[in-house]
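[1] here is my input, please return the structure:
(chains A and B, ligands or ions: 1)
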Amino acid sequence: MTKYYQPEIECASPEQIKAWQDERLVKQVKHVWDNVPYYRKKMEEKGVTPEDIKSTADLHKLPFLTKDDLRECYPYGLLAKPLEECVRIQSTSGTTGKRVVAFYTQHDIDLWEDCCARAITAVGGTKEDVCQVSYGYGLFTGGPGLNGGSHKVGCLTLPMSSGNTDRQLQFMTDLGATILCCTPSYAAYLGESAKEAGLTDKLKLKAGIFGAEAWTQEMRRDIEKSLGIKAYDIYGLTEISGPGVSFECEAQAGMHINEDHFIAEIINPDTGEVLPDGEKGELVFTCITKEAFPMIRYRTKDICVLNREKCACGRTHVRMAKPMGRSDDMLIIKGVNVFPSQIEAVLLEQGFPPNYQIIVDRVNNVDTFDINVEMPLEMFSDTVRDVTTKEKELVAALKAMLGIVAKVHLMAPKSIARSEGKAVRVVDKRKLF
Amino acid sequence: MSVRQISVFVENRVGLLSEVTTLMSDNEVNLRALSIADTNEFGILRIIVEDVDAAAAILRKHGYIYTITNVLAVSMRDEAGGLAEILQVLAKAKISLEYAYAFLLNKPGVACLIIRVADNNAAEEVLAEAGIKIATQDELF
Ligand SMILES: [Zn+2]
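    You can find the predicted model right below:
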């Protein structure tokens, strides 16, 4: 069995990786200086020129790039190649004005698909496998990225896109899909639906690659149980390329960042200071091989930790922990920091499905905090007292985790909108600005 | 000699109750009795039907969650004191009721009280001793 897609790269010595990074960074900085006036201006403002960047040790001298810069440069302001050399765009979901449009040359697509192929190979994928891609196709990077990776590995690729669960299950069983790629919430939903349809025994799945959404260890165990697979995490963002910026290996202990293409840094989000490996902070990426849309020191807003310890799988590239939260996702309710992932963990622990919606509002200058939760069959009883007891236990567990009281609303199963791309977990109705 | 009752979870949303009853009538399910318990947050609809398994299959197909519970259908005189008589027998035996609801049968002068207790056998015994009759599922239709 092939264990690595590109062994000479994935298992290269740390010195070799550093040498690639040094050489490519110097070249990349020159490329953006020469071709992107916006970058040149930002560098000039900071008093840096390409001559100052001789290796990765000089990376900290470069200015950061944020989503605000992307917005300001929309759509072509950060393009580093002539449009006629670009072959594709991908875009993030998001309301108008916040949308990111990323450009790709054929070479960019090629390298991105290599990264996805590494991820698929890492979960045991070979040309013998049938890979069902149930991420959305189109502007969203999930479908196209894994589709391309699956082709490169040589899997029989089922380009399902998201939605139409009956058809998903039909193809999955009829064509014997062995690898499933989708969002974790959709994987959980497919698992439930397969169980309801009595199809669990007919599944041939062995592994799943799930990303584009935050998910917890409890949810991983849930999905692994319901689909009878090993569930692996994958990370990426449209600005940097798409899924495959990092991916989990068989060790399921952090995601290997493809360091031959991306340099990762952890910074203090308040000061911008670079933090040593092992410290928690904001993840920052520099693309060193991308041609059309190369982000330099792009702030992801993901709060994360890097781990340089040797991995059991033999790969040498640095591992990142699952992001513990996004500064974007963090809600401040009644003055308390609340991460949706905390709520999800409590729901699973209390036996509720990880399908919920948080509704925050402000009434008479006081925050209101409501959580809609789906009632699982196992918890239903014919007496009001039993159901109310479960509800009270959930409220108490949430309070213990969050420090504030949420009003819980029990809903019918499947009444909370499921994600086909990304789930709408938070509805914040407060008008604070 | 208990009867099988179906309890359905309903969100506290206007129209949900009629959604369930319409679903039953559309599928020609013979609904003998119905009771709803609701809190501020949710409701539990309890129904007595002739063909329990067929009704359950319809609910399942439409994504409702429900549970089937064995309850006692106690024959009750449809006149003053009919209810009091039953409740006194149970109270005397220290059997507490989770809930109860009554409905009329097709026979004149006879009503039925559905009771949910922790121990059906114990309740049945004391009621029988007092000469009160317990109905079977078939006898209700
Ligand atoms: Zn590894």
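[2] could you pull up phi and psi at the most centrally placed residue in chain B?
    In chain B, the centroid-proximal residue (C-alpha atoms, centre = their mean) is residue B:114; its distance is 4.5 Å. Backbone torsions of residue B:114, given as degrees, to the nearest 10, read phi -90, psi 130.
[3] so what's residue A:176 up against?
    A:130, A:204 (C-beta atoms under 8 Å, 6 or more residues apart in numbering or on different chains). Backbone N, C-alpha and C define where each C-beta goes, glycine included.
[4] ok, residue B:114 next?
    B:3, B:5, B:33, B:35, B:46, B:48, B:71-74, B:100-103.
[5] what does the stretch 201-350 of chain A put close to chain B?
    By C-beta under 8 Å from any C-beta of the partner chain, no part of the stretch 201-350 of chain A sits against chain B.
[6] where in the stretch 201-350 of chain A is pLDDT low?
    A:326-328 (pLDDT under 70).
[7] could you pull out the strands for it?
    Taking DSSP state E, counting those that start in this stretch as the criterion, the stretch 201-350 of chain A carries its strands at A:207-211, A:230-237, A:242-248, A:255-257, A:262-267, A:281-287, A:298-304, A:306-307, A:319-320, A:325-326, A:331-333, A:336-338.
[8] I'd like to know how far residue A:121 sits from the ion.
    Taking C-beta to the ion, to the nearest Å as the criterion, residue A:121 is separated from the ion by 12 Å.
[9] repeat that for residue B:63.
    41 Å.
[10] got a list of what that residue touches?
    Contacts of residue B:63 were listed using C-beta under 8 Å, 6+ apart, and they are A:412, A:413, A:414.
[11] so who does the first one touch?
    For residue A:412, the set of contacting residues under the criterion of C-beta under 8 Å, 6+ apart consists of A:374, A:375, B:9, B:10, B:11, B:16, B:63, B:64, B:65.
[12] which of the strands of the stretch 201-350 of chain A sits closest to residue A:429?
    strand A:331-333 (12.0 Å; C-beta to C-beta).
[13] buried set for that closest one?
    Buried positions in strand A:331-333, judged by neighbour count with 16 or more other C-beta atoms under 10 Å in any protein chain shown: A:331, A:333.
[14] returning to that earlier point: of the contacts of residue A:412, which is the nearest to the ion?
    When these are compared for distance to the ion (C-beta to the ion), residue A:374 wins out at 35.3 Å.
[15] wait, residue A:282 touches residue A:299, no?
    Yes. Because the distance of 6.0 Å satisfies C-beta atoms under 8 Å, residue A:282 is recorded as touching residue A:299.
[16] quick check: neighbours shared by those two?
    Both residue A:282 and residue A:299 are contacted by A:267, A:269, under the criterion C-beta under 8 Å, 6+ apart.
[17] quick check, the residue in chain B closest to chain A?
    Nearest residue of chain B to chain A: residue B:7, at 3.6 Å (C-beta to the nearest C-beta).
[18] assumed that residue was part of a strand.
    Yes. Counting by DSSP: H, G, I helix; E, B strand; the rest coil, residue B:7 is part of a strand.
[19] could I get the contacting residues of it?
    By C-beta under 8 Å, 6+ apart, the neighbours of residue B:7 are A:380, A:381, A:382, B:44, B:45, B:46, B:47, B:66, B:67, B:68, B:69.
[20] now the second one. Nearest residue, chain neighbours left out?
    It stands for residue A:381. residue A:387 (5.8 Å; C-beta to C-beta, 6 or more residues apart in numbering or on different chains).
[21] mind giving me the packing neighbours of the strand or helix carrying the one you found?
    Following DSSP states H and E, one finds residue A:387 within helix A:384-402. Where contact means 3 or more C-beta pairs under 8 Å, 6 or more residues apart in numbering or on different chains; DSSP states H and E, helix A:384-402 is packed against helix A:340-349, strand A:407-411, strand B:42-49.
[22] now the angle from it to strand B:42-49?
    Using axes from the mean of the first three to the mean of the last three C-alpha atoms, to 10 degrees, the inter-axis angle of helix A:384-402 relative to strand B:42-49 is 150 degrees.
[23] and helix A:384-402, how far out from the chain's middle?
    Computed by C-alpha atoms, centre = their mean, to the nearest Å, the chain-centroid distance of helix A:384-402 equals 31 Å.
[24] thinking again about what came up before, residue A:184: which of the contacts of residue B:114 is nearest?
    residue B:46 (36.9 Å).
[25] do I have it right that residue A:10 meets residue A:4?
    Yes. Residue A:10 is within contact range of residue A:4, at 4.7 Å (criterion: C-beta under 8 Å).
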